[in-house]
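Participant: I would like to see how this sequence folds:
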Amino acid sequence: MSDSHGPAFGAVLALATMSGFFTLFAVSVLAPFIIPDLGLSRAAFGSITSVLYLTAAALSVIAGWLVERITGRAALVLLFATAAAGWGMIASARSFTGLLVGAAVAGLPMAIALPATTRLIRAEVAPGRRGTFLGVAQAGSQVGGLLAGASLPSLAVQIGWRLALANASSLALVGAVLASRSRLGTMLPIRATMRPPVNRRMVGSLALYGFVMNAGATVTTAYLPIFAYESLRFSARIAGAVAVVVALIAIAAKVLWGRVTEAARNPLAAPIALAATSVAAGVFLAVSTEQRAWLLWPAVLLFAAGAVSWSVTAMTVISRLSSLRETGRSAGLVMLSSFLGAAVAPVGFGWLVDLQGHYHVAWSATVGLYAVGSIGIGFLAASRMPTEPTEPDSGPS
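Facilitator: The predicted structure follows:
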């Protein structure tokens, strides 16, 4: 463990998380090019995202075990290499089946990203600074979203979507080279096991938290621009800018929530507060109408400052309350649950909108999800508080 890690370490972690989740943003912003090129229906195109999440969910527990079994450096190289491979396969796909295969490969770095970065931070960074590095690492996903939106459509117009996505894979390849030459996480791995973590109550509560919070965050991210356009009568340009505003606020919010969760006397207080903030955002959205369109902006502020950062608070709690030996598995189990929530929620949200002909009931459902997250963590905090591990922090990574 070292106290000397600085911006370069944080940049590698952020690049790792960005590479893990970049496919979600890339596929989304390239939709106008991919759909006509391969003649896909909207349902077929949507299944690409479903495959990403379902593959990540299926591999999360194995990924959590794997990052405890190999060195931290090897885990990062694997993440970057599989991300580049997945993007390359999607870019070269000539059929719907080829797209799904590429998406399945790209699901592996999604599964690895948070367990690998969380465990590496747990092993390499001293207590008191871990929350900041966790926030910086996870802000990488939002940076990736901004980069995808700002660069890929323009590149696709000029050179085609396939070359645009293939060029993006160079970022992951650079990350693989940086990680392979790094001296971080080079110690021999611990003897990993597939047994459940000792602190099952904490992991179970965080898994429930991850399921409902990521379900709500995913549907809000996906439907917020179209809600602003269809229901609030915003222009397409302003509606699209909503996503950019969310990403910009979320970058700062993730770092802040990491520091707050790390510094709090009771680390569970931060997830409760974040869920409560998310509830308020959902309420604003549920009561927004064309006549009260201004309510969208406080909703956007609260959502970007709250729900988007749920994983930072969860991973920081794990880094504080789990031993190094169990960090990877604990993170993997929480991410398994969260990916399942992200896979099923958009379908249910869309069904409610189609059934009701408006968004009020669907947004109210997200309020219920966030409330469950707050209550679930609240019960854990009210019960016997898990103690922070007292083992030496020096150890393999």
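
Participant: all contacts plus neighbour counts: C-alpha atoms, from now on.
Facilitator: Fine.

Participant: Tell me how many other residues crowd residue 379.
Facilitator: Using other C-alpha atoms under 10 Å, residue 379 is surrounded by 11 other residues.

Participant: Just to be sure, residue 288 is in a strand?
Facilitator: No: Residue 288 sits outside any strand when classified using DSSP: H, G, I helix; E, B strand; the rest coil, being coil.

Participant: So which residues of the stretch 101-250 of the chain form helices?
Facilitator: 130-159, 161-181, 200-230, 236-263 (DSSP state H, counting those that start in this stretch).

Participant: Now render the ones you listed as JSON lines, adding mean neighbour count, distance to residue 25 and mean pLDDT.
Facilitator: Listed next are the helices of the stretch 101-250 of the chain as JSON lines, based on neighbours: other C-alpha atoms under 10 Å; distance: least, C-alpha to C-alpha, whole Å; pLDDT from 0 to 100:
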{"stretch": "helix 130-159", "mean neighbour count": "22", "distance to residue 25": "5", "mean pLDDT": "88"}
{"stretch": "helix 161-181", "mean neighbour count": "20", "distance to residue 25": "11", "mean pLDDT": "88"}
{"stretch": "helix 200-230", "mean neighbour count": "22", "distance to residue 25": "11", "mean pLDDT": "88"}
{"stretch": "helix 236-263", "mean neighbour count": "20", "distance to residue 25": "11", "mean pLDDT": "88"}
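
Participant: could those be laid out in a markdown table, adding distance to residue 64?
Facilitator: Output for the helices of the stretch 101-250 of the chain, formatted as a markdown table (distance: least, C-alpha to C-alpha, whole Å):
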| stretch | distance to residue 64 |
| --- | --- |
| helix 130-159 | 17 |
| helix 161-181 | 19 |
| helix 200-230 | 13 |
| helix 236-263 | 21 |
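
Participant: quick one: which of these is nearest residue 353?
Facilitator: Taking C-alpha to C-alpha, helix 200-230 is the member of the helices of the stretch 101-250 of the chain nearest to residue 353, at 10.2 Å.

Participant: State which helix of this structure is the longest.
Facilitator: helix 324-356 (DSSP state H).

Participant: For it, buried residues please.
Facilitator: 324-346, 349, 352 (16 or more other C-alpha atoms under 10 Å).

Participant: what does stretch 10-19 give?
Facilitator: Quick answer for stretch 10-19 (16+ other C-alpha under 10 Å): 10-19.

Participant: and it, what's its mean pLDDT?
Facilitator: Here stretch 10-19 scores 90 as its mean pLDDT.

Participant: Identify all contacting residues around it.
Facilitator: Stretch 10-19 is contacted from outside by 76, 79-80, 83, 109, 113-114, 117, 133, 136-144, 171-172, 175, 178-179, using C-alpha atoms under 8 Å, 6 or more residues apart in numbering.

Participant: one more time with 7 Å
Facilitator: Here stretch 10-19 makes contact (C-alpha atoms under 7 Å, 6 or more residues apart in numbering) with 76, 80, 83, 113, 117, 133, 136-141, 143-144, 172, 175.

Participant: Report the two of those separated the most.
Facilitator: 83 and 133 (21.9 Å).

Participant: returning to what we had before: following the chain onward from the longest helix of the chain, which element is next?
Facilitator: helix 360-382 (DSSP states H and E).

Participant: got the angle for that next one vs helix 324-356?
Facilitator: If you take axes from the mean of the first three to the mean of the last three C-alpha atoms, to 10 degrees, helix 360-382 sits at 160 degrees to helix 324-356.

Participant: which SS class is residue 9?
Facilitator: helix.

Participant: follow-up on the earlier one: from the contacts of stretch 10-19, which is closest to residue 253?
Facilitator: Using C-alpha to C-alpha, the contacts of stretch 10-19 come closest to residue 253 at residue 139, 8.5 Å.

Participant: and the gap between that closest one and residue 310?
Facilitator: Using C-alpha to C-alpha, to the nearest Å, we find residue 139 at a distance of 12 Å from residue 310.

Participant: do residue 255 as well
Facilitator: 12 Å.

Participant: now swap in residue 45 and tell me
Facilitator: For residue 45 relative to residue 310 (C-alpha to C-alpha), the value is 27 Å.

Participant: okay, these two: which has more neighbours?
Facilitator: The neighbour count for residue 45 versus residue 310, taken as other C-alpha under 10 Å, is higher for residue 310 (25 against 20).

Participant: so the more buried one is in which element?
Facilitator: Per DSSP H and E: residue 310 is located in helix 310-321.

Participant: Could you name the helices and strands sitting against that helix?
Facilitator: helix 96-124, helix 130-159, helix 236-263, helix 269-286, helix 324-356 (3 or more C-alpha pairs under 7 Å, 6 or more residues apart in numbering; DSSP states H and E).

Participant: can you list these in CSV and add distance to residue 67?
Facilitator: Listed next are those as CSV, based on distance: least, C-alpha to C-alpha, whole Å:
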stretch, distance to residue 67
helix 96-124, 6
helix 130-159, 16
helix 236-263, 22
helix 269-286, 25
helix 324-356, 6
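
Participant: Of all those helices, which one comes closest to residue 318?
Facilitator: helix 324-356 (6.6 Å).

Participant: Report the angle between that closest one and helix 200-230.
Facilitator: Going by the same axes, to 10 degrees, helix 324-356 makes 40 degrees with helix 200-230.
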